[in-house]
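# Below are the sequence and a predicted model; questions follow.
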Amino acid sequence: MDKDQLASTARALVQKGKGILAADESYGTIKKRFDKIDVPSTEETRRAYRELLFTTPGVEEFISGVILFDETIRQIAEDGTPFPELLSSRGIIPGIKVDKGAIGLPGFPGEKITEGLDGLLDRLEEYRDLGARFTKWRAVITIGEDIPTPYAMDANAHALARYAAASQAAGLVPIVEPEVLMDGDHSIERCYEVTADTLNNVFSELHRARVDLEGMLLKPNMVLPGKESLEQASVEEVAATTVRCLRSTVPAAVPGIVFLSGGQSPEQATRHLNAMNQLGEHPWELSFSYGRALQEPSLGAWRGELENVARAQELFYHRARLNSAARYGEYSPDMESVAA
Ligand code: 13P
């Protein structure tokens, strides 16, 4: 493992003004997104949609890296260029989701465990040969009555740490993603408690697994009230509560924190990131690794039609630009309406 190389890739991913596009939807997830716009999910529609995103003119000004899915890292653009090469040639770092998804945790109703550790080292080496420079593994923590249990949190933290160590051993920067879901009617305080417990567990396991903190990134949820909660929180409250939670749990050696959007609207996700950066200086870069919050407007504009590609690309560029502004705390909602 070349520690300097890992640290320099991690820092490049969170360089000023740029963030990560999560385009690593599994077959099931991308089908859900395509169902909403009445587009069948086929190898070719998935390829065409990802090409639209990756070839958006100028988007490399705001996007440092893209997380790909197993199918996508093997696909090629219309002109014959493999996607990882296409991204690299534009100065965008290719990454890959390496977990195999979350299944029910046996004996623990309502809780999940992420699979994918068996054979992981071999897969990592193949992905590195295909051009990946970083990886992602997502663990899912659900808030509900009597959950999460300590056992589910430990099991998920343990898997995340084993994954992160394996990824570094293969020369790939791990993005450690413990996602506390927004589903439920819990309060923001409860989300704080569970997120803090989760992160404490994760960093304790990362330490035990000898993971180099300077050569990794953390991808957490923001601290929010549950989606079905009657009390809503202001942008300022979400920002202050999330930063307080991270400050008390995430070591300063971690170069960057790249949030997931997790079901927030594109506008909310940008406003929250912006408000957090306005509270800076922070010990780490605070950036984004959004899937839905970067893609939703362009997906809606595309609808599977060639004639809509240019408009969809404008909307993706616009969203990326607004999140870039949020990295400096320089976003304002009136920038939303400015034509892309
Ligand atoms: P969302 O931003 O849509 O939550 O996706 C990010 C991601 O990579 C989830 O694993």
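Cool, got the structure. Numbering: from 1, shown residues only.

# residue nearest the centroid of this structure?
In the chain, the residue lying closest to the centroid (C-alpha atoms, centre = their mean) is Ser289, at 3.7 Å.

# partner residues bridging that one?
Counting by DSSP bridges, Ser289 is bridged to Ile20.

# Glu231 - how many residues pack around it?
10 (other C-beta atoms under 10 Å). For every residue, glycine as well, the C-beta is placed using N, CA and C.

# what secondary structure does Leu86 sit in?
At Leu86 the chain is in helix, as set by DSSP: H, G, I helix; E, B strand; the rest coil.

# mind listing what it touches?
54-55, 77 (C-beta atoms under 8 Å, 6 or more residues apart in numbering).

# mind putting the residues you listed in a markdown table, secondary structure included?
Formatted as a markdown table, the contacts of Leu86 follow (three-state DSSP):
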| residue | secondary structure |
| --- | --- |
| Phe54 | helix |
| Thr55 | coil |
| Ala77 | coil |
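
# just wondering, since we're on Arg123, how far is it from the ligand?
Separation of Arg123 from the ligand (C-beta to the nearest ligand atom, to the nearest Å) stands at 18 Å.

# Which pLDDT value does the model give that residue?
On pLDDT, Arg123 comes in at 98.

# In the stretch 101-250 of the chain, what residue lies closest to the ligand?
Distances between the stretch 101-250 of the chain and the ligand by C-beta to the nearest ligand atom are smallest at Arg138, namely 4.4 Å.

# That residue falls within a strand, correct?
Yes. Arg138: assigned to a strand according to three-state DSSP.

# so who does Gly304 touch?
Contacts of Gly304 (C-beta under 8 Å, 6+ apart): 34, 37-39, 45, 48-49.

# make that Ala325, sorry
274, 331, 335.

# Just the closest residue of the stretch 1-150 of the chain to the ligand, please.
Ala22 (3.4 Å).

# ok, now which ones touch the closest residue to that residue other than its chain neighbours?
Computed as C-beta to C-beta, 6 or more residues apart in numbering, the closest residue to Ala22 that is not its neighbour in sequence is Gly291, at 3.8 Å. By C-beta under 8 Å, 6+ apart, Gly291 lies in contact with 21-25, 260-261.

# cool, Pro225 as well?
Contacts of Pro225 (C-beta under 8 Å, 6+ apart): 186-188, 191, 231-233.

# coming back round to it: out of the contacts of Ala325, which comes closest to Ala7?
Asn274 (27.1 Å; C-beta to C-beta).

# picking that back up, residues contacting the closest residue to the residue of the stretch 101-250 of the chain closest to the ligand other than its chain neighbours?
Nearest residue to Arg138 in three dimensions, chain neighbours excluded: Glu177, at 4.3 Å (C-beta to C-beta, 6+ apart). Residues counted as contacts of Glu177 (C-beta under 8 Å, 6+ apart) are 136-139, 160, 218-220, 260.

# Nothing else from me, thank you.
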